[in-house]
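**Q** model the following, please.
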Amino acid sequence: MPSPSASPLAATTSGRRLRVLYAEDVPELRELITLLLGTTGHSVDTAADGQAALRRIFTASQAYDVVITDHHMPGMNGLELVQQLRELAFPGKIVVFSSELNRDVHERYVRLRVDHILPKPVFPDTLRDLFAQL
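**A** Below is the predicted model of the structure:
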């Protein structure tokens, strides 16, 4: 059994600490992902919508390795954020969390080459497996 300091998520990323931006309009979910990924050594910044996420990307002192976005957000939704990231040639991974996507929207994300689409709720084990693939 691993020691408390040897978290499964940290172990699966081979010691690489990722810089993550999480765009989500629900404050509790932002806190949960920040806590979960932060306790494993990853650096997590959050934004309440796509527009705020883009501002963080433009003003960040260091590039993000991963952008995680919700689909349903006020202002600029996840699909619009991903379109903007692709236009900016964002070099990192892009992950979409969503409680529901119709077929057309799902296919649009696929055409935009998102790395992963995960249905909500996203469980810690699922997130650990995802980061193992990143």
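**Q** low-confidence ranges in the chain?
**A** Within the chain, the stretches with pLDDT under 70 are 1-15.
**Q** tell me which residue lies nearest the centroid of it.
**A** I68 (1.6 Å; Cα atoms, centre = their mean).
**Q** that residue should be in a strand, yeah?
**A** Yes - under DSSP: H, G, I helix; E, B strand; the rest coil, I68 falls within a strand.
**Q** now do the same contact list for it.
**A** Contacts for I68 were tallied using Cβ atoms under 8 Å, 6 or more residues apart in numbering; they are 20-24, 33, 95-97. All C-beta spots, glycine's among them, are computed from the backbone N, C-alpha and C.
**Q** likewise G92?
**A** Counting by Cβ under 8 Å, 6+ apart, G92 touches 63-67.
**Q** go on, Y22?
**A** Taking Cβ under 8 Å, 6+ apart as the test, what Y22 contacts is 30, 33-34, 44-47, 67-69.
**Q** just the ones of those in helices?
**A** 30, 33-34 (DSSP state H).
**Q** how many neighbours does D49 have?
**A** When neighbours are defined as other Cβ atoms under 10 Å, D49 has 20 of them.
**Q** setting aside sequence neighbours, what's the nearest residue to R108?
**A** Counting by Cβ to Cβ, 6 or more residues apart in numbering, L79 is the residue found nearest to R108 once chain neighbours are left out, at 6.0 Å.
**Q** how far away is I68 from E100?
**A** Going from I68 to E100 by Cβ to Cβ, to the nearest Å gives 17 Å.
**Q** and A47, by the same measure?
**A** A47 sits 21 Å away from E100, going by Cβ to Cβ.
**Q** Y64 now?
**A** Distance from Y64 to E100, by Cβ to Cβ: 26 Å.
**Q** what does L29 give?
**A** L29 sits 15 Å away from E100, taking Cβ to Cβ as the criterion.
**Q** likewise for Y109?
**A** 13 Å.
**Q** these two - which one has more neighbours?
**A** Between Y109 and E100, counted using other Cβ under 10 Å, the more crowded position is Y109 (21 against 10).
**Q** A strand includes Y22, no?
**A** Yes - per three-state DSSP, Y22 lies within a strand segment.
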